[in-house]
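[1] no letters, just coordinates:
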């Protein structure tokens, strides 16, 4: 028996933020990040809508990119003191992910972070509050997923929290918010979205309910991402929907080792001043992982089906896989994303000499490979790598080498 879970309600289209006026309760806490929602007027608008319902509203601001365990604990303490009926998280994936983890701690104050990270081990929520997610970026799709990514900076590792309990009750997908994304963020979140869709499509848990969502998202991303990156706001609105469809697919089919690898390298080089932006890491790793996975015949055929759907040409499955890889590398070039870690520069842009030192990468390679294999996303990848294979794969991603194993 399989399960397919989505938010109870999903409001979408321009002006969808007004759906907040339909909530009923006494208190709402609004969790936001670094200020973009405030600067662009969306935070005030959301709070005004909530106050129209008669609710008392409190803000929890300043959630950092790649939120930390410490931020989660601070937010949960604020919720325990305020006792909200509704948790409203708005902004990029980081404030929404952080608020999901805060929600667990709010409802179960004795829960440790380690207990939160037990896959599908969270007790029943909604005894104290329900959850509304309002994304301003077009990539993570955390507004419709059963996942949250929290970083332990002491260990330099991102940990996925996975449980259908943290799927939001309500998602508000309003493209007005996505119009505020800077160009670089549009590129990185867009490649995160297509990675979600492609990993969901080849996941060992894919099914008739997830496949159409994944494939339609891929089609929309192929059509609209580059135009969205170049400032076309109609394309930007389409990408806001495309990423949400990908999220609905991967929340139920789960992901693969592109995300395992991105999770374990995002913060591991932080002490060297190198932060691997999640979407850029996915963009660099995806072509290599497709080649690696295509040694599995079923995965190869599913990648070939994606290539056919994208009308990329090719006669054999192998040719179609290679054309798909070439297409994705071409997207990286058009989006100004480097092809490998060695060329990953400041702010995720290409550079002749990257800022992830080769010596440090090689020194930590064995540990990174081991933790990547242990990541929650690895188990649903169509080909599970050995330690040796994962180390080789990471070297291909660092040096931009061909995957031939």
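    Perfect, I can see it now. Keep in mind it's a predicted model, so treat the numbers as computed, not measured.
[2] beta-bridge partners for the residue found closest to residue 97 once you drop the neighbours it is linked to in the chain, please?
    Excluding the flanking residues, the one nearest residue 97 by C-beta to C-beta, 6 or more residues apart in numbering is residue 148, at 4.2 Å. All C-beta atoms are positioned from the backbone trio N, CA, C, and that covers glycine. Residue 148 has these beta-bridge partners by DSSP bridges: residue 161.
[3] torsion angles phi and psi at residue 158?
    With angles defined as degrees, to the nearest 10, residue 158 sits at phi -90, psi 130.
[4] what's the end-to-end length of stretch 249-262?
    Using C-alpha to C-alpha, to the nearest Å, the end-to-end distance of stretch 249-262 comes out at 19 Å.
[5] low-confidence ranges, the stretch 251-400 of the chain, go.
    Counting by pLDDT under 70, the stretch 251-400 of the chain contains low-confidence ranges at 352-353.
[6] helices along that one, start to end?
    257-265, 278-293, 297-309, 317-334, 358-373, 387-399 (DSSP state H, counting those that start in this stretch).
[7] of all those helices, which lies closest to residue 224?
    Checking the helices of the stretch 251-400 of the chain against residue 224 by C-beta to C-beta gives helix 317-334 as the closest, at 11.9 Å.
[8] please parse the protein into its domains.
    9-178, 184-399 (automatic domain parsing).
[9] the last one: end-to-end distance?
    One end of domain 184-399 to the other measures 23 Å (C-alpha to C-alpha).
[10] now the domains of the chain in JSON lines, with mean neighbour count?
    Shown next, in JSON lines, are these (neighbours: other C-beta atoms under 10 Å):
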{"stretch": "domain 9-178", "mean neighbour count": "20"}
{"stretch": "domain 184-399", "mean neighbour count": "21"}
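[11] my guess is residue 215 meets residue 309, correct?
    Yes. Counting by C-beta atoms under 8 Å, residue 215 touches residue 309, with 5.8 Å between them.
[12] that older thread, let me have the helices of the stretch 251-400 of the chain in a markdown table, extended by distance to residue 129.
    Converted to a markdown table, the helices of the stretch 251-400 of the chain look like this (distance: least, C-beta to C-beta, whole Å):
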| stretch | distance to residue 129 |
| --- | --- |
| helix 257-265 | 27 |
| helix 278-293 | 27 |
| helix 297-309 | 39 |
| helix 317-334 | 40 |
| helix 358-373 | 33 |
| helix 387-399 | 40 |
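[13] for residue 349, which of those helices is the nearest?
    Taking C-beta to C-beta, helix 278-293 is the member of these nearest to residue 349, at 8.7 Å.
[14] picking that back up, what sits against the residue nearest to residue 97?
    If a contact means C-beta atoms under 8 Å, 6 or more residues apart in numbering, then residue 148 has 96, 97, 98, 100, 101, 142, 160, 161, 166 as its contacts.
[15] residue 133 is in contact with the first one, correct?
    Yes. In terms of C-beta under 8 Å, residue 96 counts as a neighbour of residue 133; the distance is 4.9 Å.
[16] can you pull up the most central residue in this protein?
    The C-alpha lying nearest the average C-alpha coordinate of the chain belongs to residue 140 (C-alpha atoms, centre = their mean; 3.1 Å).
[17] and the closest residue to that one other than its chain neighbours, what pLDDT?
    Spatial nearest neighbour of residue 140, chain neighbours left out: residue 93 (3.1 Å); criterion: C-beta to C-beta, 6+ apart. We have a pLDDT of 93 for residue 93.
[18] which one is residue 323 nearest to, not counting chain neighbours?
    Nearest one to residue 323, counting by C-beta to C-beta, 6+ apart, is residue 312 at 4.3 Å.
[19] quick one: that neighbour and residue 321 touch, right?
    No. Using C-beta under 8 Å as the test, residue 312 is too far from residue 321 to be in contact (9.9 Å).
[20] who touches both of residue 96 and residue 133?
    Shared contacts of residue 96 and residue 133, defined by C-beta under 8 Å, 6+ apart, are found at 89, 90, 142, 143, 168.
[21] closest to residue 40 among those residues?
    residue 90 (11.1 Å).
[22] beta partners of that closest one?
    The partner residues for residue 90, given DSSP bridges, come to residue 134.
[23] that one reaches residue 32, doesn't it?
    Yes. Taking C-beta under 8 Å as the definition, residue 90 is a contact partner of residue 32 at 5.7 Å.
[24] what do the two both touch?
    residue 43.
[25] one step back: can you tell me how far the residue nearest to residue 140 is from residue 4?
    Separation of residue 93 from residue 4 (C-beta to C-beta, to the nearest Å): 22 Å.
[26] same question for residue 282.
    Counting by C-beta to C-beta - residue 282 and residue 4 are separated by 24 Å.
[27] and for residue 90?
    Distance from residue 90 to residue 4, by C-beta to C-beta: 26 Å.
[28] can you redo the contacts of residue 148 as TSV with distance to residue 210?
    As requested, those are exported to TSV (distance: C-beta to C-beta, whole Å):
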residue	distance to residue 210
96	21
97	21
98	26
100	21
101	25
142	17
160	18
161	21
166	19
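[29] and the least confident of those?
    Of all those, residue 160 carries the smallest pLDDT score, 85.
[30] contacting residues for the residue lying closest to it once chain neighbours are set aside?
    Computed as C-beta to C-beta, 6+ apart, the closest residue to residue 160 that is not its neighbour in sequence is residue 376, at 4.9 Å. With C-beta under 8 Å, 6+ apart as the criterion, the residues that contact residue 376 are 119, 160, 162, 260.
[31] redo those residues as JSON lines? Include distance to residue 46.
    Converted to JSON lines, these look like this (distance: C-beta to C-beta, whole Å):
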{"residue": "119", "distance to residue 46": "32"}
{"residue": "160", "distance to residue 46": "27"}
{"residue": "162", "distance to residue 46": "28"}
{"residue": "260", "distance to residue 46": "34"}
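[32] between those residues, which is nearest residue 385?
    Relative to residue 385, the closest of these is residue 260; by C-beta to C-beta it sits at 9.3 Å.
[33] what's the closest non-adjacent residue to that closest one?
    residue 375 (3.7 Å).
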